[in-house]
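> Just the structure for this:
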Amino acid sequence: MDRVSALRRVGLLVLGANLVLALAKGAVYLSTGSLAVGGEAVNSLADTAYSIVVVGGLYLTTQPADDTHPHGHERIEPFVSLVVAVGIGAAGVGVLWQAAQSALAGGAAVAGPVAAGVLAGSAVVKYLLFRYCSRMAEDFNSPALRATALDNRADILTAVAALAGVAGSALGYPVLDPLAGGVVALGILYTGYEIGRDNVGYLVGEAPDSDLRDEIVARALTHPEVRGVHDVVAHHVGPEVDVSLHLEIEGDRTVREAHDIETDVVRAIRAIDEVDDVFVHLDPRELGEWKEDDDGRIPARESGPRRPDADRR
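You can find the predicted model right below:
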């Protein structure tokens, strides 16, 4: 399955599941008055709303490159995820307010087994969606699907909390229902924060983790003609990573030979799933411009002699 088909299919699946859950929870809330179930209904309704945004965003982000977007449209995904985060946060605030008002009033009406059943079913559905979205997000490096997976993970916890509140209310402790609604609200708010934090990093050009940088250096040094690597800069441009680096090669190489070395290294680094584009600068090794890492190591296969007056720009 290609990336376009996979992302669109996942978006539609999540939209359908959230819509069904929102309708089921809403119906149970209207019949029982359980605030915990009502909070879950609002949560699922918010999930449905942002799922529509995700489906639209995934349609845009999977459009092919064109003259106005030569690198494609993948960078729209972090904006889609931020919309998701804002919607989740708004839903969390609303549920928390309702829970506080109900707790001050002494609790909610007792809910029956139907309420417990819909919450248990919701937890199962959300677990399955979490596993599926996590796998697809990893396979296709999609921030929007990763945000969706995190939201489904939080929904598992909030459904369980709501179920505990319903059970406590049935046992004669009605105040546990709004307290569970408060736990649901806090879970919703944390998920919104988590999604927003991750995607702001994509938008402001945050560096990827150190493992990816190490892999970039290792792939560059795999080429037999590369004697050293320095000034490695990797940063997010949307969900993907752009890389620039300097390669040390023998200074007597012809232009054609240097071009072939650069092309091979660029291809090797671009083969990394997260990497979008690679920019390479070639330095004659005789200039001695090897740069030390933060821990004092020189990431080179063969450092060779260095000039005492080597410029450490």
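
> Am I right that W97 falls within a strand?
No - under DSSP: H, G, I helix; E, B strand; the rest coil, W97 falls outside any strand and is assigned helix.

> Run a quick neighbour tally on it.
Using other Cβ atoms under 10 Å, the number of residues around W97 comes to 12. All C-beta spots, glycine's among them, are computed from the backbone N, C-alpha and C.

> Could you name the helices and strands sitting against the longest helix along the chain?
Secondary structure of the chain per DSSP state H: the longest helix is helix 3-32. Under the contact criterion of 3 or more Cβ pairs under 8 Å, 6 or more residues apart in numbering; DSSP states H and E, helix 3-32 touches helix 35-61, helix 113-140, helix 143-170.

> Quick one: mean pLDDT over the second one.
Going back to what we said before, that points to helix 113-140. The average pLDDT for helix 113-140 rounds to 89.

> one step back: report the distance from the longest helix of the chain to the chain centre.
Here helix 3-32 is found 20 Å from its chain centre; the criterion is Cα atoms, centre = their mean, to the nearest Å.

> quick thing: my sequence starts at 185, can you match it?
All set: I'll call the first residue 185, so the last point we hit is now helix 187-216.

> Show me what counts as buried in that helix.
Going by neighbour count (16 or more other Cβ atoms under 10 Å), the buried part of helix 187-216 is 187, 190-191, 194-195, 197-199, 201-203, 205-206, 208-210, 212-213, 216.

> cool, stretch 321-335 as well?
Applying 16+ other Cβ under 10 Å to stretch 321-335 flags 321, 324-335 as buried.

> ok, the residues you listed vs D448, which is closest?
Using Cβ to Cβ, N325 comes nearest to D448 of those, at 23.8 Å.

> thinking again about what came up before, for the helices and strands packed on helix 187-216, could you give me CSV that also reports distance to G278?
Listed next are the helices and strands packed on helix 187-216 as CSV, based on distance: least, Cβ to Cβ, whole Å:
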stretch, distance to G278
helix 219-245, 6
helix 297-324, 18
helix 327-354, 14
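
> So for A283, which of those sits nearest?
Once the helices and strands packed on helix 187-216 are compared by Cβ to Cβ, helix 219-245 is nearest, at 6.1 Å.

> Against which helices or strands is the closest one packed?
If you count contacts as 3+ Cβ pairs under 8 Å, 6+ apart, helix 219-245 packs onto helix 187-216, helix 261-288, helix 297-324, helix 327-354, helix 360-387.

> any weak-confidence spans in the protein?
Applying pLDDT under 70 to the chain flags residues 185-187, 245-246, 253-258, 282, 285-286, 289-296, 472-497.

> Domain ranges for this protein, per the record?
187-387, 394-471 (automatic domain parsing).

> Mean neighbour count, the ones you listed: which tops it?
Highest mean neighbour count of those: domain 187-387, a mean of 21 (counted as mean count of other Cβ atoms under 10 Å).

> what's the spacing between that domain and its chain's center?
15 Å.

> same deal with stretch 400-408?
28 Å.

> what comes into contact with that stretch?
Applying Cβ atoms under 8 Å, 6 or more residues apart in numbering, the contact partners of stretch 400-408 are 410, 412-413, 416, 418, 427, 429, 431, 445, 448-449, 452-453, 455-456, 459, 483-485.

> Could you list which of those residues belong to helices?
Per DSSP H, the subset of those in helices is I445, D448, V449, A452, I453.

> my guess is the last one meets V462, correct?
Yes - under the criterion of Cβ atoms under 8 Å, I453 lies in contact with V462, with a separation of 4.7 Å.

> Give me the common contacts of the two.
Jointly contacting I453 and V462 under the rule Cβ under 8 Å, 6+ apart are V427.

> now the end-to-end length of stretch 317-330.
The stretch stretch 317-330 measures 7 Å between its terminal residues, going by Cα to Cα, to the nearest Å.

> Run through who's touching that stretch.
Under Cβ under 8 Å, 6+ apart, the answer for stretch 317-330 is 187, 190-191, 194-195, 198, 238, 241-242, 245, 261-262, 264-265, 268, 332-333, 336, 382-383, 386, 422-424, 457-458.

> likewise stretch 369-386?
Under the contact criterion Cβ under 8 Å, 6+ apart, stretch 369-386 has outside partners 223, 227, 230, 261-263, 265-266, 268-273, 275-277, 279-280, 283, 327, 330-331, 334-335, 337-339, 341-342, 345, 420, 422-423.

> Sweet, I'm off.
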